[in-house]
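Undergrad: Predicted coordinates and the sequence they were generated for:
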Amino acid sequence: MSKHVAVVGAGIAGIEAASILNAMGHSITLIEKNEILGGHINHWHQLFPNRRQGRDLLEKLYEKMDDSIQVQYGKEITSIKPFSGKFIVTAADGWVTNADAVLMATGFDLFDAHKKEEYGYGIYDHVITSADLEEIFIQGEGLNPRLGKDPQRIGFIHCVGSRDEKAGNIYCSKVCCITAVKQAIEIKELYPSVEVYCFYMDLRMFGRHYEELYQEAQEKHNIQFIRGRLSEASENKQGGVVVKVEDTLLGKPLKLTLDLLVLMSGMVAPVAVTNMRDKLGLAKVDDGFLKPVDPHTQANLSELPGFFMAGTATGPKTITDTLTDARSAALEIDRFLKEII
Amino acid sequence: MQDSASRFGYFVSPDRQIDFDRNNHEVASKVAAAEPGLNWCISCGTCAATCTAAKFTDFSLRRIILQVKRGELKGLAREAQKCMLCGKCQLVCPRGISTRNLILQINRVLQSENL
């Protein structure tokens, strides 16, 4: 008899792991809190580093999904309880299922930029987040409806809600640096005469072809990188956003006015998942993400046999790393299910 | 001295903030047009570390490039002329910038703008 796996979260990690486990002959229920599959990628126009459409990546993943995978939409999981070698998985609407193994592919939430009040998100009209900008790209009408004119100067603020003790998050969200570079290039392609400034603490171009994209941003698009963290933003009478940073490479404070300020929101652990982690008595990390037994060799395992995790549930990851992690989780789950027979 | 005395020892500090909106960005765009390497600089400082002139003065190509980009041009023409064009910086630049041409172009533009 085939074993039953509950995959919580139908973002890219959940879809990938579900497809593979299903192909291995296990019975899969893929549980999604929203009414559609795909998670955050639904709201991402283009992906780094090769600028493919987010839509296109999802299509590729859906192609691999077999119809025998049972998908449950609109099910927000509120409780997972171990019960005589199985798990009882319960949703907010009362829906329940039993599973031999659970995979937490619960992903991340975007950092709420309102919390960095000094940056003016939700206060000034021309301060938006990286996620808002992706929606603008998807809508395809450019920035004019929001600004009422062609923009002349746009600034990107790196590390919003990341590497910031004051925001409660000391970790790096990994994807924002390269996303800012990608979005800056997209902006320059839409508005070639616009001046673009990226304000950063460190530029972390760790991935394959990220450095090349950064170089392209400088050489081909004349995007300027200023090393300094935004202290505060304010609005002038014309609706422009005045930013103040220390130009740390010149050792002087710098002030400039922008038509649009884009905040690169980082990743945070979903509160509901952190609560579930604590209810189950699993190991904690300060930042709320799930903690694997061993970060190198058992990155998908918890101390609870049968309870697995994949993707950004364990911390910020790129798409490439998330998919690799999901496949690795599928292998671990397959091994576990064979052992319990 | 007398001036200082009449101010009772007080003085007004000049604003040291970079006022990017008001600064001159013409020089940067003219230099970049003649030597695009201006925009490739990542401020790593290898040029300044290897510079012969920097051993004895506070000459720094890294800083000069940044000043041009920010439009902080006060005293820059005099500073930029301290380069002896030995070219050691060009040998070490990780971004492959033609640093010698860059400093020549900075000098040329600053002089032509009478700065």
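TA: It's in.
Undergrad: When you work out contacts or count neighbours from here on, use the C-alpha atoms and nothing else.
TA: OK.
Undergrad: Around the closest residue to chain A within chain B, how many other residues sit close by?
TA: As assessed by Cα to the nearest Cα, chain A sits closest to residue B:18 within chain B, at 4.4 Å. Close neighbours of residue B:18, defined as other Cα atoms under 10 Å in any protein chain shown, add up to 22.
Undergrad: which SSE is the closest residue to it other than its chain neighbours in?
TA: Setting aside the residues directly before and after it, residue B:18 is nearest to residue A:254 in space (Cα to Cα, 6 or more residues apart in numbering or on different chains), at 4.4 Å. Using DSSP states H and E, residue A:254 sits in strand A:252-258.
Undergrad: so who does the residue of chain B closest to chain A touch?
TA: Neighbouring residues of residue B:18 by Cα atoms under 8 Å, 6 or more residues apart in numbering or on different chains: A:252-255, B:70, B:72.
Undergrad: Just the buried ones from those residues?
TA: A:253-255, B:70, B:72 (16 or more other Cα atoms under 10 Å in any protein chain shown).
Undergrad: Could you take these and lay them out as TSV, with extra columns for distance to residue A:187 and pLDDT?
TA: Shown next, in TSV, are the buried ones among the contacts of residue B:18 (distance: Cα to Cα, whole Å; pLDDT from 0 to 100):
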residue	distance to residue A:187	pLDDT
A:253	27	97
A:254	23	97
A:255	22	96
B:70	22	97
B:72	27	96
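Undergrad: Adding distance to residue A:115, write these out as JSON lines.
TA: Output for the buried ones among the contacts of residue B:18, formatted as JSON lines (distance: Cα to Cα, whole Å):
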{"residue": "A:253", "distance to residue A:115": "24"}
{"residue": "A:254", "distance to residue A:115": "24"}
{"residue": "A:255", "distance to residue A:115": "23"}
{"residue": "B:70", "distance to residue A:115": "31"}
{"residue": "B:72", "distance to residue A:115": "34"}
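Undergrad: Hmm, residue B:47 is touching residue B:87, no?
TA: No - taking Cα atoms under 8 Å as the definition, residue B:47 is not a contact partner of residue B:87, at 9.4 Å.
Undergrad: got a list of what residue A:147 touches?
TA: Residues near residue A:147 by Cα under 8 Å, 6+ apart: A:126, A:259.
Undergrad: Could you measure from it over to residue A:129?
TA: According to Cα to Cα, to the nearest Å, residue A:147 and residue A:129 sit 15 Å apart.
Undergrad: ditto for residue A:109
TA: Counting by Cα to Cα - residue A:109 and residue A:129 are separated by 14 Å.
Undergrad: between these two, which one's more packed in?
TA: Each of residue A:109 and residue A:129 has its neighbours counted (other Cα under 10 Å); residue A:129 has more, 22 against 16.
Undergrad: which residues pair with the more buried one across the strands?
TA: residue A:263 (DSSP bridges).
Undergrad: so who does it touch?
TA: A:113, A:121, A:262-265.
Undergrad: could you dump those residues to CSV with pLDDT and neighbour count?
TA: Formatted as CSV, the contacts of residue A:129 follow (pLDDT from 0 to 100; neighbours: other Cα atoms under 10 Å in any protein chain shown):
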residue, pLDDT, neighbour count
A:113, 98, 21
A:121, 98, 21
A:262, 98, 25
A:263, 98, 27
A:264, 98, 27
A:265, 98, 24
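Undergrad: what about the most centrally placed residue in chain B, which helix or strand?
TA: What sits nearest the mean C-alpha location of chain B, by Cα atoms, centre = their mean, is residue B:64, with 2.0 Å. Assigned by DSSP H and E, residue B:64 falls within helix B:61-70.
Undergrad: name the helices or strands packed onto that helix?
TA: Contact analysis of helix B:61-70 by 3 or more Cα pairs under 8 Å, 6 or more residues apart in numbering or on different chains; DSSP states H and E lists helix B:26-34, helix B:46-50, helix B:76-80 as its packing neighbours.
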